[in-house]
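J.: Need coordinates for the below:
(one chain, ligands or ions: 2)
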Amino acid sequence: MLIKKPDAIRPSELTPEPVYLNRRQFMLGSAGVLLSAEALAASPFSTREKENSWQEITHYNNYYEFGTDKSDPGENAGSLKVRPWQIAVDGEVAHPRHYGIEELLRFAQEERIYRLRCVEGWSMVIPWTGFPLASLLKQVQPTARARYVAFETLLRPSEMPGQREHTLAWPYREGLRIDEAMNPLTLLATGLYGKPLPNQNGAPIRLVVPWKYGFKSIKSIVRIHLMETLPATSWNLANPAEYGFYSNVNPAVDHPRWSQATERRIGEFFKRPTLPFNGYAEQVAALYRGMDLRKNY
Ligand SMILES: Nc1nc2c(c(=O)[nH]1)N[C@H]1C(S)=C(S)[C@@H](COP(=O)(O)O)O[C@H]1N2
Ligand SMILES: [Mo]
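T.: Numbering: from 1, shown residues only. Ligands and ions are numbered 1, 2, ... in the order given. Predicted coordinates:
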């Protein structure tokens, strides 16, 4: 048996996976259904790095619909009503339709814990609960012309004070290429720490694309539109020189105003090197074979 010196033990090893899952023997899935630990097993993509705390994940946010400071969403997002909620899935699909949030949460049968890194200058490890976007797209059957997927956030200035100002082109829009959207690492997240998603993190349902900079992970989605042509995105419209369509995490390409070589993990003091594709190259690098990722930033 290998006995490690205490200083050789990483903090993440102090709570071995089975014990960790045991503590959560029963937890509320985001549908409010009591799920067994087994049903909420960690996905194979989950990192063993230490998770950020609930407090950190819910009080350091970007959600411009509720203000531009990192503390604004935590303070202001309570005004958003997340029921009733519908997502339209339309465009280049064989079966366009609306999904009520209750039906989407029933995809919770496929729900897993995805303990993933996110990065954009700062970084966190976040235990999402969610399911692959591909599961939803397969239901509506993209046509042969579907080359891109466009996403839209709710437009409701009465509940989203930031939308009364012209900080971005509202509603917030994002897009993915269809193969990126179908990748098993592209998630629709409906929960955090096994609880329903808090408003400031994008309730009731948001995208998580962990190998791209944080802004690609659009919150509070009401429309998923499959297209033949490249979708417009809010950050690209706001500043095309700084924000391209792909936005893959790439430490070798500086943002025009800052280096993207390092990141500060929230809760830590020293910066750490940022990894290509945020450490998910094994899962996604093949999507970009032959592409110049300096031009396609
Ligand atoms: N609708 C909407 N989605 C959004 C944003 C936003 O302003 N509006 N900000 C993005 C940015 S810049 C980041 S870094 C992530 C932050 O997600 P988190 O608060 O859950 O960490 O959300 C992204 N999704
Ligand atoms: Mo961001």
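J.: Tell me, how many residues neighbour Asp69?
T.: Look at Asp69: counted by other CB atoms under 10 Å, it has 12 neighbours. C-beta here means a position set from N, CA and C on the backbone, and glycine is covered the same way.
J.: what's the answer for Gln283, then?
T.: When neighbours are defined as other CB under 10 Å, Gln283 has 17 of them.
J.: helix/strand/coil for it?
T.: Per DSSP: H, G, I helix; E, B strand; the rest coil, the local secondary structure of Gln283 is helix.
J.: who in the stretch 151-297 of the chain is up against ligand 2?
T.: Gly214, Phe215 (CB under 5 Å from the ion).
J.: Going along the chain, name the strands of the stretch 1-150 of the chain.
T.: Using DSSP state E, counting those that start in this stretch, the strands of the stretch 1-150 of the chain run over 26-28, 34-36, 86-91, 97-100, 112-120, 122-132, 148-153.
J.: and of these, who's closest to Gly67?
T.: Gly67 sits nearest to strand 148-153 of all the strands of the stretch 1-150 of the chain, at 14.8 Å, using CB to CB.
J.: With just CA atoms, put the closest one into PDB.
T.: What follows is strand 148-153, C-alpha atoms only, in PDB (Å, rounded to 0.1, in the frame of the first residue of the first chain):
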ATOM      1  CA  TYR A 148     -24.900  27.200 -36.300                       C
ATOM      2  CA  VAL A 149     -27.000  27.400 -33.100                       C
ATOM      3  CA  ALA A 150     -28.000  30.900 -31.800                       C
ATOM      4  CA  PHE A 151     -29.100  31.500 -28.200                       C
ATOM      5  CA  GLU A 152     -31.100  34.300 -26.700                       C
ATOM      6  CA  THR A 153     -31.700  35.400 -23.100                       C
END
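J.: packing partners for that strand?
T.: strand 173-177, helix 178-182, strand 221-227 (3 or more CB pairs under 8 Å, 6 or more residues apart in numbering; DSSP states H and E).
J.: got the angle for the longest one vs strand 148-153?
T.: Orientation note: strand 221-227 sits at an angle of 160 degrees relative to strand 148-153 (axes from the mean of the first three to the mean of the last three CA atoms, to 10 degrees).
J.: List just the one of the strands of the stretch 1-150 of the chain that sits closest to Tyr297.
T.: Tyr297 lies closest to strand 112-120 among the strands of the stretch 1-150 of the chain, at 13.6 Å (CB to CB).
J.: for the helices and strands packed on strand 148-153, which one sits closest to Leu133?
T.: With distances scored as CB to CB, the stretch of the helices and strands packed on strand 148-153 nearest to Leu133 is helix 178-182 (5.7 Å).
J.: Check what contacts the closest one and list those residues.
T.: With contact meaning CB atoms under 8 Å, 6 or more residues apart in numbering, helix 178-182 is reached by 133-134, 137, 142, 146-149, 186, 209, 226, 284, 287.
J.: Now do the contacts for Arg156.
T.: Contacts of Arg156 (CB under 8 Å, 6+ apart): Leu80, Gln163.
J.: Now do it, the pLDDT please.
T.: Looking at Arg156, its pLDDT is 98.
J.: Give me the distance between it and Ser43.
T.: For Arg156, the distance to Ser43 (CB to CB, to the nearest Å) stands at 32 Å.
J.: Gly175 too?
T.: 24 Å.
J.: out of everything not next to it in sequence, what's closest to the residue positioned nearest the centre of the chain?
T.: In the chain, the centroid-proximal residue (CA atoms, centre = their mean) is Val208; its distance is 1.7 Å. Closest residue in space to Val208, ignoring its immediate chain neighbours: Leu187 at 4.3 Å, by CB to CB, 6 or more residues apart in numbering.
J.: Tabulate the strands of the stretch 1-150 of the chain in a markdown table, adding columns for mean pLDDT.
T.: Output for the strands of the stretch 1-150 of the chain, formatted as a markdown table (pLDDT from 0 to 100):
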| stretch | mean pLDDT |
| --- | --- |
| strand 26-28 | 52 |
| strand 34-36 | 53 |
| strand 86-91 | 98 |
| strand 97-100 | 98 |
| strand 112-120 | 94 |
| strand 122-132 | 96 |
| strand 148-153 | 99 |
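J.: Just the closest of the contacts of helix 178-182 to ligand 1, please.
T.: Taking CB to the nearest ligand atom as the measure, ligand 1 lies nearest Val209 of the contacts of helix 178-182, at 9.8 Å.
J.: near ligand 1, which residues of the stretch 101-250 of the chain show up?
T.: Residues of the stretch 101-250 of the chain lying close to ligand 1 by CB under 6 Å from any ligand atom are Cys118, Glu120, Thr153, Tyr172, Asn201, Gly202, Gly214, Phe215, Ser217, Ile218, Lys219, Ser220.
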